[in-house]
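In: just to be clear, the model below is a prediction. Sequence and coordinates:
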Amino acid sequence: MVSNSKGPNEQSTTVRERHREAARELIRDENIKLYLGGEWVDSDSGQSIDVTNPTTGEPLATVQAGNRADVERAVTAAWRGFDTWSEYEPRERQQMLTEIADRIDAERERFAQLDVLDNGKPITEARIDIELVVDHFRYFAGALRTLEGRTVPTNGNRHVETIREPYGVVGQITPWNFPLLMAAWKLAPALAAGNAVVLKPAEETPLSLIELVHQIDDLVPAGTINVVTGYGPEAGRALVRHDRIRKLAFTGAVETGRGVMKDAAGSITDLTLELGGKSPILVFPDADVDTAVDVAIDAMFYNTGECCCAGSRLFVHEAIHDEFVSAFVDAAEVLTIADPLLESTDIGPEITRTQLNRTEHYIKLAEDVGAEILIGGRAPASEALADGNFIEPTIIAEVPHDTRVVQEEIFGPVELVFEWTGYDEMMRFANNVDFGLAAGIVTDSLSTAHRAARDIEAGNIWVNQHNDFPAGQPFGGYKQSGIGRETARETIEAYTQTKTINYKLNQ
Ligand code: NAD
C-alpha cells in the first residue's frame, strides 16, 4: 500500500484559523431561520440542527429543525406566492431569473466558499459549481419563452388545443454533495414554468442556499420560494406527503427515493427522482493511455468521489491494462489531499464521519473478499487534517462482480478496476448493476464509442471525458437511478401539466 497524504505542510491550527475567518466573513447569521412567505421565522419545533465543517469538525451555524407544522405554513405561503407569481408575464419571469443569475454571478466567490465551508469540496471545483448555477438560471430564463401548447388536427367541426400550465406549488428536496447546484437544477426550471416552491435542503449543507435567499429576497415575490430546513424523515417526509404539493423533485439516495415514491403515492403526486449510481468507465484497447488516466481521475475523484455519476467501476482492456493501471496509480498518488480552501487541493474531506465510516467499511469489505488495494484505503498522515473526514484516494483491483462493494454505491473516493478481454462479457458486467445513471467510454474510434454508448444501460454517456454538465443537456438515470430528466428543455415541461381544450364549432 502506498501513502499519498501529500499537501501543504501546515498545522491544524492554521487550517482551523483559515476556516474560522472565512466563516466569520461569509456566514451572515449563525442561527439560521426558516424562510416562509418572504419572512425569516422560527420553527414550530423549537429544535435546531448543528451545521458542521467537515474539514475541521467545528460548528459553523445552526439551522431550524423544521417539522410538519412548518411545512404546512410553507405550503400555505407558497400557494399565496403562486397567486402573484402566476400573474407574471413570461417576459417578466425571464427578467427575474436573469436577475437571479446576475446576482449570483456578482457574488460567485462568496457562494463558492460557502459551499467549501459546509461541504468540504475543493474551492476550484466549488467555483465550477457556481458557474453552472448561473448558467442554469440563464438557460431556464430563456427556455421558458419556448413553452408552447399545440393545436390538434381535426375535421373542422371542432378546435382542439393544448396549453401548458404550472402545477402550482412544488416540493423539492436536495442532497449535500452539490449544495447550490442541486438547488439551482430544481429551482430554476420550477420557477421558469411559473410554480412556487417549498425547498428542503440537505441538513448538512444549507449555507449557500440560505445566502441565495438573502440575495434575492427583495426580488422574488413573497412566498414564491420557501425554505424549510430540517431532517429528512421529519421535514422532508412531511413535504412529500403533503396533499397540496402537486409535484415533487427529489435528489438523494435510492433507498430514500423508494420511500419518497411510496409516500407520494398517497396523493398521487407527480415526481422526478435523481438517485444514485455505480457507473462504469470502459477503456478500449485503442485508447490513449494519458487520456484514459485523465478521464478516470476526473470520473472517480472529482468532488472527492461524492458524485452520483462517479465512474466507480473501471473496465480496462487487457491490451493496455498494466500500462494504464500503473499510470493511473501514479496520477492518484500525486493528487493533493488538503484544506479545500486552498487552490492546490484536489481532494477534500468527506461530508460527515458517517460517510467516512461508510467508505472505510466498503474498503474493508473489499479486503475481506481478497481484493488488492493498489493505493489509499486509509486516512492521510497529515496532522493538519486530523480533525476532518479525510480519506486517501483509493484504487482496488479485481473485486468479484457479485459483491456488495461492486453492486452498491460507496459515495467516496474508491475506484474499482477490472481487466477485460471480450466485449460482450465486459458489457454484461458493466450493465450488471441496479443503477443506470452514467457511463464513460474512452476510445479513439467513433464507431466503438457509438456501439458501446448504445449498449450501455444508462442515461448519460460521456466519451473521452466525464462530469461535463452544460445546461440544456438532459441529466437523469435509467433503472433504479431515477425517473425524469433535469437540466434541459424537458425539465421545464416536467414542471407543467397539459390542459386540453376542445371547442365545438358552430356550423
Ligand atoms: P439522502 O437520500 O440521505 O438525502 C437526500 C435528501 O433527502 C436530504 O435533504 C434528506 O434530508 C432528505 N431525506 C432523507 N430522508 C427523507 C425522507 N424519508 N423523506 C423525504 N426526504 C428525505 O441522500 P444524501 O446522502 O444527502 O445524498 C447522497 C445521495 O444522493 C447519493 O446516493 C447520490 O448518488 C445521490 N445524488 C444523486 C444525484 C442525481 O442527480 N442522480 C445527484 C446528487 C446526489
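Out: Done, it's in. Residues are numbered from 1 along each chain as shown.

In: now do the contacts for whichever residue of the chain sits closest to the ligand.
Out: Using Cβ to the nearest ligand atom, the single residue of the chain nearest to the ligand is Gly232, 2.0 Å away. Just so you know, the C-beta spots here come from the backbone N, C-alpha and C atoms, and that holds for glycine as well. If a contact means Cβ atoms under 8 Å, 6 or more residues apart in numbering, then Gly232 has 173, 200, 203, 252, 256 as its contacts.

In: out of these, which touch the ligand?
Out: Among these, the ones lying close to the ligand by the criterion of Cβ under 6 Å from any ligand atom are 173, 200, 203, 252, 256.

In: pLDDT, neighbour count and secondary structure added to those, as a markdown table?
Out: Conversion of the ones next to the ligand among the contacts of Gly232 to a markdown table gives the following (pLDDT from 0 to 100; neighbours: other Cβ atoms under 10 Å; DSSP: H, G, I helix; E, B strand; the rest coil):
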| residue | pLDDT | neighbour count | secondary structure |
| --- | --- | --- | --- |
| Ile173 | 99 | 26 | strand |
| Lys200 | 98 | 29 | strand |
| Glu203 | 97 | 20 | coil |
| Gly252 | 98 | 23 | coil |
| Thr256 | 98 | 21 | helix |
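
In: sorry, back to before: pLDDT score for the residue of the chain closest to the ligand?
Out: Per-residue confidence (pLDDT) for Gly232: 98.

In: dihedrals phi and psi, it?
Out: As for Gly232, its main-chain torsions (degrees, to the nearest 10) stand at phi -60, psi -50.

In: interface residues of the stretch 351-500 of the chain facing the ligand?
Out: For the stretch 351-500 of the chain, the residues in contact with the ligand (Cβ under 6 Å from any ligand atom) are 409, 411, 437, 477, 482.

In: distance of the last one relative to Leu273?
Out: In this structure, Gly482 lies at 4 Å from Leu273, with Cβ to Cβ, to the nearest Å as the measure.

In: who touches both of the two?
Out: When contacts are counted by Cβ under 8 Å, 6+ apart, Gly482 and Leu273 have Gly257 as shared neighbours.

In: and the strands in the stretch 401-507 of the chain?
Out: With strands called from DSSP state E, counting those that start in this stretch, the stretch 401-507 of the chain shows them at 414-420, 435-436, 438-442, 460-463, 478-479, 482-483, 496-504.

In: quick check: which of these is buried the most?
Out: strand 438-442 (a mean of 29; mean count of other Cβ atoms under 10 Å).

In: just how off-centre is stretch 379-393 within its chain?
Out: Its chain's average C-alpha position is 24 Å from that of stretch 379-393, according to Cα atoms, centre = their mean, to the nearest Å.

In: list the buried residues for that stretch?
Out: When burial is assessed from 16 or more other Cβ atoms under 10 Å, stretch 379-393 yields the following buried residues: 379-380, 382, 384-385, 387-393.

In: okay, those in TSV with secondary structure next?
Out: As requested, these are exported to TSV (DSSP: H, G, I helix; E, B strand; the rest coil):
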residue	secondary structure
Ala379	coil
Pro380	coil
Ser382	coil
Ala384	helix
Leu385	helix
Asp387	coil
Gly388	coil
Asn389	coil
Phe390	coil
Ile391	coil
Glu392	coil
Pro393	coil
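
In: what's the most distant pair in those?
Out: For these, with distances taken as Cβ to Cβ, the pair at the greatest spread is Asp387 and Pro393 (19.9 Å).

In: per-residue confidence averaged over stretch 394-404?
Out: According to the model, stretch 394-404 has a mean pLDDT of 96.

In: check the separation of the first and last residues in it.
Out: Taking Cα to Cα, to the nearest Å, the span from the opening residue of stretch 394-404 to its closing residue is 17 Å.

In: ok, stretch 479-493 next?
Out: Separation of the first and last residues of stretch 479-493 by Cα to Cα is 22 Å.

In: could you do stretch 385-398 as well?
Out: The first and last residues of stretch 385-398 sit 30 Å apart, counting by Cα to Cα.

In: repeat for stretch 391-402
Out: 25 Å.

In: mind listing what's buried along it?
Out: Along stretch 391-402, these residues count as buried under the neighbour rule (16+ other Cβ under 10 Å): 391-397, 399, 401.

In: ditto for stretch 342-354
Out: Buried residues in stretch 342-354, counting neighbours by 16+ other Cβ under 10 Å, are found at 342, 345-351.

In: and these as CSV, adding pLDDT?
Out: Output for these, formatted as CSV (pLDDT from 0 to 100):
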residue, pLDDT
Leu342, 97
Thr345, 98
Asp346, 98
Ile347, 98
Gly348, 98
Pro349, 98
Glu350, 98
Ile351, 98
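
In: name the nearest of those relative to Lys121.
Out: Nearest member of the buried residues of stretch 342-354 to Lys121, counting by Cβ to Cβ, is Gly348, at 5.5 Å.

In: now the closest one, nearest residue through space, not along the chain?
Out: With Cβ to Cβ, 6 or more residues apart in numbering as the measure, Pro340 is the residue that lies nearest to Gly348, at 3.5 Å, once sequence neighbours are left out.

In: kindly report the same for Tyr139.
Out: Leaving out its chain neighbours, the residue that sits closest to Tyr139 by Cβ to Cβ, 6+ apart is Ala471, at 3.5 Å.

In: could you chop this structure up by domain?
Out: The chain is divided into the following domains under automatic domain parsing: 12-275+484-497, 280-470.

In: tell me which of those domains lies nearest to Gln507.
Out: Each of the domains of the chain was checked against Gln507 via Cβ to Cβ, and the shortest separation belongs to domain 12-275+484-497, namely 7.4 Å.

In: distance check, Ile396 against Ala264.
Out: Look at Ile396 and Ala264: by Cβ to Cβ, they are 37 Å apart.

In: err, His19, not the other one
Out: When Cβ to Cβ is the yardstick, His19 and Ala264 sit 39 Å from each other.

In: repeat for Leu181
Out: With distances defined as Cβ to Cβ, the gap from Leu181 to Ala264 amounts to 24 Å.

In: with Leu26 instead?
Out: The separation that Leu26 has from Ala264, given Cβ to Cβ, amounts to 36 Å.

In: higher neighbour count, these two?
Out: Under the criterion of other Cβ atoms under 10 Å, the comparison of Leu26 against Ala264 puts Ala264 first, with 21 against 18.
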